[in-house]
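# Give me a model of this one.
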Amino acid sequence: MSSLDLNQIILIVVVVAAALAFDFINGFHDAANSIATVVSTQVLTPFRAVLWAAFFNVIAFALFKLHVAGTIGKGIIDPGVVDVAVIIGALGGAIAWNLLTWWWGLPSSSSHALVGGLIGAGVSKAGLGILGWQKIGSTAAFIFLSPLIGYVASSLLAITGSWVFRKSTPGRVDKWFRRLQLVSSALLSVNHGGNDAQKTMGIIAVLLYSQGLLGEDFHTAGRIPTWIVLSCYLAIGLGTMVGGWRIVKTMGMRLTKLRPFTGFCAETGGSLAIFIATSLGIPVSTTHTITGAIVGVGTVSNPGRVRWGVASRILWAWIFTIPVSAAIAAVTYFVARAFGV
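Residues are numbered from 1 along each chain as shown. Modelled structure (predicted):
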């Protein structure tokens, strides 16, 4: 156990609070992932939708192992080079990018912003040799794989459902899928909480480990104290309750027109992709996944109704997420060092 003076303890507390603030912003920014479809189809009012999503964000605590937290804490950069300044840099890059894309109304990835932040701050301190290329490679691959899986899964569900219910009236189909969309929205929110909240857990855990405040259980087995786990799930749930309405509008209303049936297919297809990634310990973007799923059902329903211009703007935001957040993180790291952190 390290012997820390009062100033160091205060600084660690402040940085942990900043990490939880990032988690809150993550929920705020990514609320659209969970509620855009259910709001745009008018299955739930916006207020009820965010309460519904936040509840299932937190319920994920009881359902998922902490594979993603281990990837963020130990897989992106060498935990041995992590110090308070590196974490400040990583959080600075991720928070800045999240707020910028929220202001622009673009559904970018909080996950990749945090990965970019870790890369930028870590490389600024110790060079390229500290990067975990295998985990970075799998994370980068899922920039393209997660929307593709969401697209394919939701398209297949839409095609299959259209055939199964071909003899039913639109009114009857809408009646059934208004109920089923509550289930699919809950599944998406559970998977969102299970993947995204774990990223902040990894950040807090590796910070405390670097200061000698966590035992070797974290380094060898990836064990994270329960108070960290609960705090992160609650923070992302509270953020979701606030809701990023600019992005909800883009996701649920500007990409394509959704009905309860297509909303159900998009949410279920997106949930499947996120569940696979979370099980593999990959910090996948829930934003990328549900965007791909919405475009998938829109393409099946009527390709002409998909606003490809909006989709292309979103794609460019995805491409720039990691490099821009890494650049901001590098600057933030050097500023922190200049102030003696």
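# which phi and psi does the closest residue to S301 other than its chain neighbours have?
Closest residue to S301 in three dimensions, ignoring its sequence neighbours and counting by Cβ to Cβ, 6 or more residues apart in numbering: T262, at 5.8 Å. Placement of C-beta: from N, CA and C, glycine included. Backbone torsions of T262, given as degrees, to the nearest 10, read phi -70, psi -30.
# repeat for I77
Geometry field for I77 lists phi and psi as phi -130, psi 160, criterion degrees, to the nearest 10.
# these two touch, right, it and G117?
No: contact status for I77 versus G117: not in contact, 10.3 Å apart, counting by Cβ atoms under 8 Å.
# Compare these two and say which is more crowded by neighbours.
More neighbours sit around G117 than around the other of I77 and G117, counting by other Cβ atoms under 10 Å; the figures are 34 against 26.
# list the buried ones in the helix or strand hosting S155?
Assigning secondary structure by DSSP states H and E places S155 in helix 133-164. If you call a residue buried by 16 or more other Cβ atoms under 10 Å, then helix 133-164 has these buried ones: 135-136, 138-139, 142-143, 145-155, 157-158, 161.
# The stretch 201-341 of the chain: helices as residue ranges?
Assigned by DSSP state H, counting those that start in this stretch, the helices in the stretch 201-341 of the chain fall at 216-221, 226-242, 245-249, 260-279, 286-301, 308-338.
# and among those, the most buried is which?
The highest mean neighbour count among the helices of the stretch 201-341 of the chain, using mean count of other Cβ atoms under 10 Å, belongs to helix 286-301: a mean of 28.
# just the CA coordinates of that one, formatted as PDB?
Extracted as PDB, the C-alpha positions of helix 286-301 are listed here (Å, rounded to 0.1, in the frame of the first residue of the first chain):
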ATOM      1  CA  THR A 286     -23.400   1.200 -28.700                       C
ATOM      2  CA  THR A 287     -23.800   4.300 -30.800                       C
ATOM      3  CA  HIS A 288     -22.300   2.600 -33.900                       C
ATOM      4  CA  THR A 289     -24.300  -0.500 -33.300                       C
ATOM      5  CA  ILE A 290     -27.800   1.000 -33.000                       C
ATOM      6  CA  THR A 291     -27.100   3.500 -35.900                       C
ATOM      7  CA  GLY A 292     -26.300   0.500 -38.100                       C
ATOM      8  CA  ALA A 293     -29.400  -1.300 -36.900                       C
ATOM      9  CA  ILE A 294     -31.600   1.800 -37.700                       C
ATOM     10  CA  VAL A 295     -30.100   2.100 -41.100                       C
ATOM     11  CA  GLY A 296     -30.700  -1.600 -41.700                       C
ATOM     12  CA  VAL A 297     -34.400  -1.500 -40.900                       C
ATOM     13  CA  GLY A 298     -34.700   1.700 -42.900                       C
ATOM     14  CA  THR A 299     -33.100   0.100 -45.900                       C
ATOM     15  CA  VAL A 300     -35.400  -2.900 -45.800                       C
ATOM     16  CA  SER A 301     -38.500  -0.700 -45.400                       C
END
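# Next, the angle helix 133-164 makes with it.
Angle, helix 286-301 to helix 133-164, by axes from the mean of the first three to the mean of the last three Cα atoms, to 10 degrees: 30 degrees.
# So which elements touch helix 286-301?
Using 3 or more Cβ pairs under 8 Å, 6 or more residues apart in numbering; DSSP states H and E as the contact definition, the elements that helix 286-301 packs against are helix 6-40, helix 133-164, helix 170-210, helix 260-279, helix 308-338.
# next one: the longest one to chain centre, how far?
For helix 170-210, the distance between its averaged C-alpha position and the chain's averaged C-alpha position is 9 Å (Cα atoms, centre = their mean, to the nearest Å).
# got the angle between that helix and helix 226-242?
Angle between the axes of helix 170-210 and helix 226-242 is 140 degrees (criterion: the same axes, to 10 degrees).
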